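Participant: Build me a structure from this.
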Amino acid sequence: MDLNSLEQWEADWDMHFNPFKCEVIRFSRKKKPAVQRVYTLHDENIPHVSTIKYLGVKIQSDLRWNAHIDYTTSKASSTLGFIKRTIPPQSTTLRARAYKQLIRPILEYASCSFDPLPKTQATKLEASQRRAAQAVFNIPRISHTSTTALLNKLR
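Facilitator: Numbering: from 1, shown residues only. Next comes the predicted model:
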């Protein structure tokens, strides 16, 4: 490979950022927002956002976890609906395996990053797990069965 072809190859594989896929986020807990600067890339303005998704984790500009918890519980709920639609209610072992392999990883992903959660957000995650446990054992939502016992049974 000569020098000219090497330079051409490097020029072809030179990485460029797409301004339409970029976002600007400013982290602060101040009530009054500061003056936002306008950032441009390739003569395009980059929009300011209050929430971004990075490696599957929703990060808010005020460093709270509301958006991520809502995203996680809705994703777990839709996966639970898929399990309910596709796996018959009689096969509890198969539903339990689907819960452990499909729903629990969603609820536990990046949990160490938001570990000390406020009570309301922790309650949302626990409610999602309890709904899944009731669905695994095909128990109606208004039954008086202890969901804690069901969760212990699922480990």
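
Participant: Contacts for the longest helix seen in the chain next, please.
Facilitator: As assigned by DSSP state H, the longest helix anywhere in the chain is helix 66-86. If you take Cβ atoms under 8 Å, 6 or more residues apart in numbering as the criterion, helix 66-86 is touched by 51, 57-60, 95, 98-99, 102-103, 106-107, 109-110, 114, 117, 121, 124-125, 127-128, 131-132, 135. The C-beta positions use only the backbone N, C-alpha and C, and glycine is treated the same way.

Participant: how about a cut-off of 6 Å?
Facilitator: 51, 57-58, 60, 98, 102-103, 106-107, 121, 124, 128, 132, 135 (Cβ atoms under 6 Å, 6 or more residues apart in numbering).

Participant: Can I get the next helix or strand after that helix as PDB, trimmed to CA atoms?
Facilitator: Note on helix 66-86: by DSSP states H and E, the next helix or strand toward the C-terminus is helix 92-98. Provided in PDB are the C-alpha atoms of helix 92-98 (Å, rounded to 0.1, in the frame of the first residue of the first chain):
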ATOM      1  CA  THR A  92     -46.100 -21.600  35.600                       C
ATOM      2  CA  THR A  93     -42.600 -23.000  35.300                       C
ATOM      3  CA  LEU A  94     -42.200 -21.600  31.800                       C
ATOM      4  CA  ARG A  95     -43.700 -18.200  32.900                       C
ATOM      5  CA  ALA A  96     -41.300 -18.100  35.900                       C
ATOM      6  CA  ARG A  97     -38.400 -18.800  33.600                       C
ATOM      7  CA  ALA A  98     -39.600 -16.000  31.200                       C
END
